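**Student:** sequence and predicted structure, then a few things I'm wondering about:
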Amino acid sequence: MTTELKHVEVVDAELVDDAPAAGAVAPHDPATAAVLTALDHGAEQHLKDIWPKKTRDGYARDWALWAEFHGWLAERTNDPLPLTAVTTGTLVGFVVWLDEVKKAAPNSIDRRLTGVTVTARSMGAEVPTEATRAARTALKPLKLDPVRQARGRGQAVAITLDQIRRMNTADSTAHRAPGLRRRRTYARSELAVLRDRALHTLAFGIAGRSQEVSALDDTGITLVAEGLEVHVPSVKGRPARDVVVAYGEYPETCPVRCWLAWKEAAGLDGGPVFRPIDQWGNLSPDRLGPDGCRQAQTRAAERAGLDARITGHSYRAGLITTGRKKGKRAEKLRAQSGHAENSPAFWRYVRDGEKWEDAATDGIGL
């Protein structure tokens with residue numbers, strides 16, 4: 001009896017030791033392995049789907065810049081590389097390109113690296129750890145440079161009406177984008193000139209963000225005796241607003257006249273207000289995106305020889321500071337721009353507009 005029990009205990013122990021742990025999957029079970037692989041892929045897709053829209057859009061911009069870098073690289077090597085070629089050389093080159101060609105801030109470059117590596121891995125590309133480590137090593141001295149760190153920082157420079165006038169009356173000659181192998185000069189079409197004039201003045205008139213200017217539709221702008229009634233669509237979850245834009249005193253800065261000239265020349269009858277125009281003057285039916293609006297504003301500032309770096313937010317700041325200098329009420333300006341009542345940015349713009357009002361050193365006998 002004792003012998004039999006000992007035998008059973010030994011057998012049971014051997015069975016327990018050799019058996020797989022609870023829940024373990026036998027490696028030779030192809031059906032189970034296929035299900036697990038499908039679940040892994042589904043989990044990856046789910047995690048991507050629950051990313052905030054801002055994150056998804058940011059990664060898409062990062063990847064677009066990565067593609068632009070590869071195009072820039074191909075022009076110099078005559079050997080295009082696949083976008084999934086994420087190596088030490090390409091990542092470090094991307095850092096240098098963003099710094100020297102795009103003049104990006106180091107923190108922006110850091111974010112771009114993350115976006116590229118995450119996107120590449122989601123496509124199944126291998127991103128070696130040593131490659132990301134080398135890229136961030138190349139980035140480290142840039143983060144210690146105060147000049148580079150200052151790039152893109154700070155409050156937007158408020159554009160003035162004099163600057164808009166100079167932009168709208170500047171030489172219409174345009175150049176190919178910097179960084180391309182050959183640089184050509186050509187005359188901008190009259191259609192492009194009219195579009196940009198309307199873009200600058202209307203962006204100023206509605207205190208519009210680049211996304212809002214891009215989203216404007218022809219049916220949302222109504223001509224009335226006093227000027228324009230403009231529906232500014234909702235973008236990025238911000239509420240839509242309806243504003244009015246009065247006739248200006250001078251033709252070259254009057255948003256109403258500039259808008260009417262552009263509308264007639266482009267033959268707008270519904271659809272997007274601002275649309276791409278190629279160098280030969282061909283008008284696209286598509287919508288000019290926020291980046292396209294910003295680029296048109298930046299190029300116009302360069303053509304006018306402006307020292308200040310004009311950005312999309314410069315027009316919002318410009319209307320608020322200019323309006324405040326002319327005595328416009330803060331609540332009127334805030335309603336026009338769509339700022340929240342407690343917006344720090346809005347009140348900074350207001351203070352800038354009031355900076356020289358009853359200055360401490362003015363009229364004290366200095």
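**Tutor:** Done, it's in. Numbers count the residues shown, from 1 in each chain.

**Student:** so what's the closest residue to Glu252 other than its chain neighbours up against?
**Tutor:** The shortest distance from Glu252 to any non-neighbouring residue, by CB to CB, 6 or more residues apart in numbering, is to Asn168 (4.8 Å). (Each C-beta comes from the backbone N, C-alpha and C, glycine too.) Contacts for Asn168 (CB atoms under 8 Å, 6 or more residues apart in numbering) come out as Asp196, Arg197, His200, Thr201, Glu252, Thr253, Cys258, Ala300.

**Student:** hmm, try it at 7 Å
**Tutor:** Arg197, His200, Glu252, Thr253 (CB atoms under 7 Å, 6 or more residues apart in numbering).

**Student:** same question for Ser284.
**Tutor:** Going by CB under 7 Å, 6+ apart, Ser284 touches Arg275, Pro276.

**Student:** can you list phi and psi of it for me?
**Tutor:** Ser284 adopts backbone torsions of phi -90, psi 150, taken as degrees, to the nearest 10.

**Student:** give me the pLDDT value at the residue most central in space within the chain.
**Tutor:** Central residue check for the chain by CA atoms, centre = their mean: the C-alpha nearest the mean position is that of Asp291, 6.2 Å away. The score at Asp291 is 88. That number is its pLDDT.

**Student:** tell me where this structure has strands.
**Tutor:** Listed in chain order, the strands of the chain (DSSP state E) span 173-175, 185-187, 221-224, 227-232, 241-246.

**Student:** pick the most buried one from those strands.
**Tutor:** Of all the strands of the chain, strand 227-232 has the most neighbours on average by mean count of other CB atoms under 10 Å, namely a mean of 19.

**Student:** how about the helices of the stretch 1-150 of the chain, start to end?
**Tutor:** With helices called from DSSP state H, counting those that start in this stretch, the stretch 1-150 of the chain shows them at 2-18, 30-49, 53-77, 88-100, 106-122, 129-143, 146-149.

**Student:** swap that for the stretch 201-350 of the chain, please
**Tutor:** With helices called from DSSP H, counting those that start in this stretch, the stretch 201-350 of the chain shows them at 210-215, 255-266, 290-303, 314-325, 330-337, 344-354.

**Student:** in TSV: the ones you listed, plus distance to Pro233.
**Tutor:** Shown next, in TSV, are the helices of the stretch 201-350 of the chain (distance: least, CB to CB, whole Å):
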stretch	distance to Pro233
helix 210-215	4
helix 255-266	17
helix 290-303	12
helix 314-325	16
helix 330-337	15
helix 344-354	20
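
**Student:** any regions of this structure where pLDDT drops low?
**Tutor:** Judged by pLDDT under 70, the chain has its weakly predicted residues at 1-28, 40-51, 152-156, 173-186.

**Student:** using a markdown table, please lay out the strands of the chain together with distance to Val213.
**Tutor:** Shown next, in a markdown table, are these (distance: least, CB to CB, whole Å):
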| stretch | distance to Val213 |
| --- | --- |
| strand 173-175 | 20 |
| strand 185-187 | 25 |
| strand 221-224 | 12 |
| strand 227-232 | 9 |
| strand 241-246 | 13 |
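
**Student:** check which residues of stretch 346-358 are buried.
**Tutor:** Buried residues in stretch 346-358, counting neighbours by 16 or more other CB atoms under 10 Å, are found at Phe346, Tyr349, Val350, Asp352, Gly353.

**Student:** now swap in stretch 276-288 and tell me
**Tutor:** By 16+ other CB under 10 Å, the buried positions in stretch 276-288 come out as Pro276, Ile277, Leu283, Arg287, Leu288.

**Student:** can you get me the start-to-end distance on it?
**Tutor:** End-to-end distance of stretch 276-288 (CA to CA, to the nearest Å): 5 Å.

**Student:** again, but for stretch 98-109
**Tutor:** End-to-end distance (CA to CA), stretch 98-109: 7 Å.

**Student:** any idea which of the helices of the stretch 201-350 of the chain gets closest to Ala138?
**Tutor:** Evaluated over those, closeness to Ala138 peaks at helix 290-303, with 26.2 Å, by CB to CB.

**Student:** and that closest one, what does it pack onto?
**Tutor:** Applying 3 or more CB pairs under 7 Å, 6 or more residues apart in numbering; DSSP states H and E, one finds that helix 290-303 makes contact with helix 190-205, helix 210-215.

**Student:** please compute how far it lies from its chain's middle.
**Tutor:** Distance of helix 290-303 from its chain centroid, counting by CA atoms, centre = their mean, to the nearest Å, is 13 Å.

**Student:** contacts for that helix next, please.
**Tutor:** The contact list for helix 290-303, computed with CB under 7 Å, 6+ apart, reads 167, 170-171, 174, 196, 199-200, 210-211, 213-214, 274, 276, 310-312.

**Student:** residues contacting Pro285?
**Tutor:** Applying CB under 7 Å, 6+ apart to Pro285 gives the contacts Gly271, Arg275.

**Student:** ignore what I typed, I meant Leu191.
**Tutor:** Contacts of Leu191 by CB under 7 Å, 6+ apart are Ala265, Ala266, Ile277, Gly281, Leu283.

**Student:** cutoff 10 Å now
**Tutor:** By CB atoms under 10 Å, 6 or more residues apart in numbering, the contact list for Leu191 reads Trp262, Ala265, Ala266, Arg275, Ile277, Gly281, Asn282, Leu283.
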